[in-house]
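J.: pasting the sequence and the predicted coordinates here, then a few questions.
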Amino acid sequence: MKAIVTGAAGFIGSHLSAHLLEHGDEVVGIDCFTDYYDPRRKEANIAALRGYDNFTLHRLDLLTAPLTTLFESADVVYHLAGQPGVRGSWGEEFVPYVNRNVLATQRVLEAARDVSLWKVVYASSSSVYGNAETYPTTEDLRPQPVSPYGVTKLAAEHLCELYRVTAGVATVSLRFFTVYGPRQRPDMAFSRLVDAALSGKPFLLYGDGEQSRDFTYVGDLVTGLRQAALSPWTGVANIGGGSRTTMNEVIDIISRLAHPIDVVRLPVQRGDVRHTAADTSVARDGFGYTPHVLLEDGLAKMVDAARLVFAVDQV
Ligand code: NAD
Ligand code: UGA
């Protein structure tokens with residue numbers, strides 16, 4: 001399998017690339033190292049991939065890259081590049097969300113239409129649901145995003161469905177539910193919590209901590225991404241972790257695994273949903289997705305990985 005991974009230097013893209021390479025796939029990464037967070041973290045993310053002969057990286061922006069040429073000999077495109085972050089997508093900050101999530105996806109799909117790919121797998125998001133009417137949430141519920149970010153992820157998902165139905169591009173849109181694991185983006189809660197536990201710096205908690213998420217371990221997610229790519233299945237499916245946990249419970253677990261956390265409470269942030277929970281039966285029946293990693297075990301892996309980085313930083 002020859003795979004293109006857009007966003008290969010990011011949190012999920014680097015884990016996916018490693019997973020594909022371990023399974024013998026050839027990987028061509030595309031990433032323009034945006035400065036949403038420190039690009040040195042992205043350089044570190046891909047450092048381990050350089051040891052593989054069948055990995056190449058193009059430092060290109062999807063908005064201008066010669067995508068048809070790049071996709072010509074590929075079997076699968078995993079389209080993970082995008083502008084993430086729910087709370088920062090308001091006001092002037094909306095522009096990169098439109099560019100990197102909507103316009104970039106349209107270019108990916110146009111190029112995919114020009115060549116004969118087996119599959120395009122798109123990184124959609126639980127944020128398309130907004131405050132869902134029922135939990136666990138099924139894909140047929142009407143999406144009602146409550147953040148501009150969610151609107152752009154939904155628009156790109158609609159583009160994938162449009163090209164699938166009208167242009168014969170075999171797309172799968174997977175709605176990821178809050179993904180965690182080593183190398184998680186530094187703007188996300190677990191990354192900040194582990195940092196707070198190891199450094200003694202305070203953690204800023206938005207709201208009362210009773211908001212809950214269906215947290216998904218990144219190893220489970222990348223397994224599901226490859227399963228979806230290999231299967232003949234197309235369409236839209238949830239990818240969740242299998243249980244729902246509040247932020248207060250997460251704070252307790254990380255405090256036990258590392259050190260007690262100094263929590264400073266701030267108001268609820270605009271764009272945040274109260275709860276998420278995924279019904280994953282479509283992904284299970286469609287391509288065999290089953291999450292295996294329990295939250296406490298996944299958090300232990302995150303704490304161990306962060307301890308190593310922390311120890312190196314102290315030298
Ligand atoms: P990330 O920011 O770590 O990775 C995204 C990568 O895409 C970055 O390395 C960035 O440089 C690159 N990129 C952005 N725009 C680009 C462009 N125009 N051309 C080339 N490269 C570009 O984010 P992540 O957390 O790994 O998320 C990956 C994808 O999954 C995103 O599309 C995000 O919306 C989606 N997603 C993430 C989560 C989560 O919990 N992390 C949940 C749902 C959906
Ligand atoms: C995450 C990703 O950041 C989005 O890119 C993704 O699309 C989304 O999951 C998804 O599932 O679709 P979010 O659920 O907000 O978004 O994940 P976190 O940023 O880790 O936040 C989790 C909870 O912790 C939220 O309630 C948030 O308000 C809270 N939080 C976050 C804090 O209390 N403090 C922080 O410093 C950061």
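T.: Received the coordinates, thanks. Ligands and ions are numbered 1, 2, ... in the order given.

J.: wait, is Ala305 part of a helix?
T.: Yes - counting by DSSP: H, G, I helix; E, B strand; the rest coil, Ala305 is located in a helix.

J.: shouldn't it be in contact with Arg183?
T.: Yes - here Ala305 lies in contact with Arg183, judged by C-beta atoms under 8 Å, at a distance of 7.4 Å. Quick note: C-beta positions are derived from backbone N, CA and C, even for glycine.

J.: among the two, which residue is more densely surrounded?
T.: It is Arg183, of Ala305 and Arg183, that has more neighbours when counted by other C-beta atoms under 10 Å, with 20 against 15.

J.: check contacts around whichever residue of the stretch 201-315 of the chain sits closest to ligand 1.
T.: Nearest to ligand 1, among the residues of the stretch 201-315 of the chain, is Thr216, at 7.4 Å (C-beta to the nearest ligand atom). Thr216 is in contact with Phe176, Phe177, Thr178, Val179, Tyr180, Ile239, Gly240, Gly241, Ala278, Pro291, counting by C-beta atoms under 8 Å, 6 or more residues apart in numbering.

J.: which one of the residues you listed has the most neighbours?
T.: Neighbour counts for these peak at Ala278, which has 31 neighbours (criterion: other C-beta under 10 Å).

J.: could you pull up phi and psi at Ala278?
T.: phi -100, psi 130 (degrees, to the nearest 10).

J.: swap in Thr34?
T.: phi -60, psi 160.

J.: ok, the closest residue to Asp262 other than its chain neighbours - contacts?
T.: Distances taken as C-beta to C-beta, 6 or more residues apart in numbering put Pro202 closest to Asp262, at 4.4 Å, once the chain neighbours are dropped. Residues near Pro202 by C-beta under 8 Å, 6+ apart: Ala196, Asp262, Val263, Val264.

J.: just those residues: which are in strands?
T.: Val263, Val264 (DSSP state E).

J.: re the thing from before, tell me which two in the contacts of Thr216 are the farthest apart.
T.: Greatest spacing in those, by C-beta to C-beta: Tyr180 and Ala278 (14.3 Å).

J.: mind listing the helices for the protein?
T.: Under the criterion DSSP state H, the chain contains helices at 11-22, 39-47, 67-71, 94-97, 104-114, 148-167, 189-199, 218-230, 247-257, 281-287, 295-314.

J.: format the ones you listed as a markdown table; extra columns: mean pLDDT and distance to Tyr206.
T.: Listed next are these as a markdown table, based on pLDDT from 0 to 100; distance: least, C-beta to C-beta, whole Å:
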| stretch | mean pLDDT | distance to Tyr206 |
| --- | --- | --- |
| helix 11-22 | 98 | 20 |
| helix 39-47 | 97 | 23 |
| helix 67-71 | 98 | 38 |
| helix 94-97 | 98 | 20 |
| helix 104-114 | 98 | 29 |
| helix 148-167 | 98 | 15 |
| helix 189-199 | 98 | 9 |
| helix 218-230 | 99 | 23 |
| helix 247-257 | 98 | 8 |
| helix 281-287 | 98 | 29 |
| helix 295-314 | 90 | 19 |
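
J.: nearest to Val121, of the ones you listed?
T.: helix 218-230 (5.2 Å).

J.: list just the nearest of the contacts of Pro202 to Arg41.
T.: Among those, Ala196 lies closest to Arg41 (C-beta to C-beta), at 17.7 Å.

J.: so who does that closest one touch?
T.: Pro202, Phe203, Ile261, Asp262.
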